[in-house]
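Participant: Curious how this folds, go ahead:
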Amino acid sequence: GGVSAFTPSLSPSISNRNTHLSRFNSYISLRSPSTSLQSSSSSSTISTTPVPKTESYHQKQAQLLSSTPLSLAPMMEYTDRHFRHMVRLVSSQTLLYTDMVTANAIVHERREAIERNKCNVAKRGVSPPIPNSLLESQVQEDIQQFGYDMTYLRRFFGQGSIAKEGPSVLQLGGSDPLQLSEACDTLLQLTERNYCDYTAVNLNCGCPSPKVAGKGCFGAALMDEPELVRDCVIGMHNGCQGKMPITVKCRIGTDQSDMFADTSFTKTNYQNIDEEKEYSNLCKFIETVASSG
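Facilitator: Residues are numbered from 1 along each chain as shown. As a prediction, this is how the structure comes out:
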């Protein structure tokens with residue numbers, strides 16, 4: 001089992017004390033010596049100025065807002081395209097989330113595909129072989145338009161081919177703005193090839209698992225790095241060229257926040273924390289991320 005996702009509501013005041021035990025379960029433990037957020041591309045720079053939003057952005061935002069309040073949460077190894085297709089048969093407007101795809105996996109696969117194409121061109125020359133199937137024809141068109149074979153990448157972005165998926169969100173995991181930007185650029189290229197058509201892209205700032213928030217240094221660990229999340233969101237927005245909304249899944253907070261700096265994280269201590277400070281920390285996170293525009 002895992003900890004259920006929590007979507008914060010920016011109401012004027014925090015819920016009463018009776019709800020603290022349930023909200024306690026929306027906090028997650030990140031106390032691990034391996035939890036430190038560092039960009040693997042720290043020596044590189046990325047623009048911190050968002051590109052203008054396009055007409056496509058506003059169309060997709062309208063679709064996002066018109067979907068039902070009920071959403072299918074992103075669940076690893078569950079909410080794949082087959083499961084989402086089944087849910088879509090039940091409801092035409094429920095907002096569907098993919099299971100999380102890590103940005104570094106997308107970036108690595110794209111770079112590998114580009115290198116494979118270079119090697120193939122070096123071996124056979126510029127002229128491609130005559131295609132003998134629909135897949136081979138698609139591969140040649142991929143290479144002609146974008147310079148690499150998208151076959152393996154399509155498994156990361158797969159949607160049902162029988163009918164359009166409708167309101168759906170691709171969730172990405174990562175903490176490197178450059179990688180997230182390149183992952184979104186890849187998504188945009190596959191969208192142009194009609195391999196997928198997502199309504200929005202979501203950054204995972206809520207997964208508490210040790211593999212993600214601990215060793216991976218993303219997911220819920222990003223709750224303590226609002227400025228980095230802001231930069232990641234800008235990178236994703238620019239990677240999509242302002243054509244798709246970027247959303248963030250987050251928690252109430254983590255046990256590494258300053259409220260637990262001098263005490264252990266227990267239910268009793270959580271019940272005694274300052275509600276206003278807790279709410280202030282959450283507001284600061286949301287406002288910092290939203291300041292990206």
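Participant: could you point out where the stretch 1-150 of the chain is predicted with low confidence?
Facilitator: Residues of the stretch 1-150 of the chain meeting the criterion pLDDT under 70: 1-45, 125-129.
Participant: how does it look with 50?
Facilitator: For the stretch 1-150 of the chain, the stretches with pLDDT under 50 are 1-43.
Participant: Past the host helix or strand of Thr186, which element shows up next along the chain?
Facilitator: Using DSSP states H and E, Thr186 maps to helix 177-192. Sequence order places strand 200-205 as the next helix or strand after helix 177-192, per DSSP H and E.
Participant: thought Asn202 was touching Ser168?
Facilitator: No. At 10.4 Å, Asn202 does not count as touching Ser168 under the criterion of Cβ atoms under 8 Å. The C-beta positions use only the backbone N, C-alpha and C, and glycine is treated the same way.
Participant: The two - which one has more neighbours?
Facilitator: Using other Cβ atoms under 10 Å, the more surrounded residue of Asn202 and Ser168 is Ser168, with 26 against 22.
Participant: per-residue pLDDT, the more buried one?
Facilitator: For Ser168, the pLDDT comes out at 94.
Participant: Could I get the contacting residues of it?
Facilitator: 84, 95-98, 159, 198-199 (Cβ atoms under 8 Å, 6 or more residues apart in numbering).
Participant: between these, which is closest to Met76?
Facilitator: Nearest to Met76 among the contacts of Ser168: Thr98, at 10.0 Å, using Cβ to Cβ.
Participant: centre of the chain versus stretch 67-79, how much separation?
Facilitator: Distance, stretch centre to chain centre, for stretch 67-79: 13 Å (Cα atoms, centre = their mean, to the nearest Å).
Participant: And for that stretch, what's in contact with it?
Facilitator: Here stretch 67-79 has contacts from 5, 84, 87, 91, 93-100, 167, 169, 171, 199, 202, 204, 249, using Cβ under 8 Å, 6+ apart.
Participant: Count residues in the vicinity of Leu188, would you?
Facilitator: Neighbour count for Leu188, taken as other Cβ under 10 Å: 17.
Participant: Thought Gln241 was touching it, still the case?
Facilitator: Yes. Look at Leu188 against Gln241 with Cβ under 8 Å: they come within range, at 6.3 Å.
Participant: first vs last residue of stretch 159-167, how far apart are they?
Facilitator: 12 Å (Cα to Cα, to the nearest Å).
Participant: and if you look at stretch 143-155?
Facilitator: Length of stretch 143-155, first residue to last, Cα to Cα: 17 Å.
Participant: Could you tell me which residues within it count as buried?
Facilitator: 143, 146, 148-150, 153-154 (16 or more other Cβ atoms under 10 Å).
Participant: Can you tell me which of the residues you listed lies closest to Asn272?
Facilitator: Leu153 (49.6 Å).
Participant: Tell me, how many residues neighbour the residue lying closest to the closest one once chain neighbours are set aside?
Facilitator: Distance criterion Cβ to Cβ, 6 or more residues apart in numbering; nearest residue to Leu153, sequence neighbours excluded, is Glu109 at 5.4 Å. Neighbourhood size, Glu109 [other Cβ under 10 Å]: 17.
Participant: Report the separation between Glu109 and Leu190.
Facilitator: Distance from Glu109 to Leu190, counting by Cβ to Cβ, to the nearest Å: 12 Å.
Participant: Between those two, which contacts overlap?
Facilitator: Joint contacts of Glu109 and Leu190 (Cβ under 8 Å, 6+ apart) are Leu153.
Participant: picking that back up, just checking, what packs against the helix holding Thr186?
Facilitator: helix 103-124, helix 154-157, strand 168-173, strand 200-205, helix 226-239 (3 or more Cβ pairs under 8 Å, 6 or more residues apart in numbering; DSSP states H and E).
Participant: With distance to Pro50 as added columns, please give those in JSON lines.
Facilitator: Formatted as JSON lines, the helices and strands packed on helix 177-192 follow (distance: least, Cβ to Cβ, whole Å):
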{"stretch": "helix 103-124", "distance to Pro50": "18"}
{"stretch": "helix 154-157", "distance to Pro50": "23"}
{"stretch": "strand 168-173", "distance to Pro50": "17"}
{"stretch": "strand 200-205", "distance to Pro50": "14"}
{"stretch": "helix 226-239", "distance to Pro50": "5"}
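Participant: No further queries at this time; thank you.
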